[in-house]
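Undergrad: Pasting the sequence and the predicted coordinates here, then a few questions.
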Amino acid sequence: GENVEQHPSTLSVQEGDSAVIKCTYSDSASNYFPWYKQELGKGPQLIIDIRSNVGEKKDQRIAVTLNKTAKHFSLHITETQPEDSAVYFCAASMGGSYIPTFGRGTSLIVHP
Amino acid sequence: GAVVSQHPSWVICKSGTSVKIECRSLDFQATTMFWYRQFPKQSLMLMATSNEGSKATYEQGVEKDKFLINHASLTLSTLTVTSAHPEDSSFYICSARDESNYGYTFGSGTRLTVV
């Protein structure tokens, strides 16, 4: 089955800096890669996703890049703010009826 | 966007009692819903896949008689933790797939504490 590795497990940055979280996947058939943000005591919320027919997607301060050949994708957050502090999960799935496989999560801490 | 409502957000129960958690898709129909368990500082662990009108599919190691799942309608799935014990204390999260796209929407989670 699919295996998703996520790094780093913890990321500490100063407000205004950029943050990058990287994930790799094992199944070349995966074609849908969502990113979720989970705040303490809440369920994960989808913040951005990318499909395998594009290499990059941007939404204001967040962007995701995908390298299908290398089987890795990354989340980029620019101009970080304290409210960006949360746990971020990447996931990969083959879309359709396939359940996404999640990474282990990255705890992002943005210091004011 | 798609919204999934999960209740209760937290519950404390005595050991040996049962607890029911509800998961509703508010603005879309979900033939499939998923139940996850999450331990502190860990990732989401899929417990079971809930299929409307049929039996749930449980992941290996999850006791189906302890974690009863019912998906009686296209918008509601319930998870009942039967004869709860302190080791069942955890954060339970449901998710529903919007059939119109690949998106999986999560509920807000339920913090279960068994005393």
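TA: Done, it's in.

Undergrad: Measure how buried whichever residue of chain B sits closest to chain A is and give me the count.
TA: As assessed by Cβ to the nearest Cβ, chain A sits closest to B:Phe106 within chain B, at 3.9 Å. Yep, even glycine has a C-beta here, placed from its N, CA and C like the rest. B:Phe106 has 22 neighbouring residues, counting by other Cβ atoms under 10 Å in any protein chain shown.

Undergrad: And for B:Phe34?
TA: Around B:Phe34 there are 24 residues (other Cβ under 10 Å).

Undergrad: same question, B:Lys55
TA: 12.

Undergrad: which phi and psi does it have?
TA: The phi/psi pair for B:Lys55 (degrees, to the nearest 10) reads phi -70, psi 150.

Undergrad: got any ranges where the chain has weak pLDDT?
TA: Answering for chain A, as no chain was given. A:96-97 (pLDDT under 70).

Undergrad: that's the other chain; I wanted chain B
TA: Judged by pLDDT under 70, the stretches of chain B that qualify are B:101-102.

Undergrad: residues from it in reach of chain A?
TA: Proximity of chain B to chain A, by Cβ under 8 Å from any Cβ of the partner chain, involves residues B:4, B:6, B:32, B:34, B:41-44, B:46, B:49, B:91, B:93, B:102-109, B:111.

Undergrad: cutoff 7 Å now
TA: B:6, B:34, B:43-44, B:46, B:49, B:93, B:102-104, B:106-109, B:111 (Cβ under 7 Å from any Cβ of the partner chain).

Undergrad: Out of those residues, which end up buried?
TA: B:6, B:34, B:43-44, B:46, B:49, B:93, B:102-104, B:106-109 (16 or more other Cβ atoms under 10 Å in any protein chain shown).

Undergrad: partner residues bridging the closest residue to A:His72 other than its chain neighbours?
TA: In this structure, A:His72 finds its nearest non-sequential neighbour in A:Thr24, 4.4 Å apart by Cβ to Cβ, 6 or more residues apart in numbering or on different chains. Beta-bridge partners of A:Thr24, counted by DSSP bridges, are A:Glu5, A:His72.

Undergrad: how close does A:Thr24 sit to B:Glu99?
TA: 29 Å (Cβ to Cβ, to the nearest Å).

Undergrad: And B:Ser108, by the same measure?
TA: From B:Ser108 to B:Glu99 the distance is 22 Å (Cβ to Cβ).

Undergrad: How about A:Ala92?
TA: The value you get for A:Ala92 to B:Glu99, if Cβ to Cβ is used, is 20 Å.

Undergrad: quick one: which of the two has more around it?
TA: A:Ala92 (27 against 15).

Undergrad: correct me, but that one touches A:Ser28?
TA: No. Look at A:Ala92 against A:Ser28 with Cβ atoms under 7 Å: they stay out of range, at 10.5 Å.

Undergrad: tell me, how many neighbours does the residue of chain A found nearest chain B end up with?
TA: Residue of chain A nearest chain B, by Cβ to the nearest Cβ: A:Gly43 (3.9 Å). By other Cβ under 10 Å, 24 other residues sit near A:Gly43.
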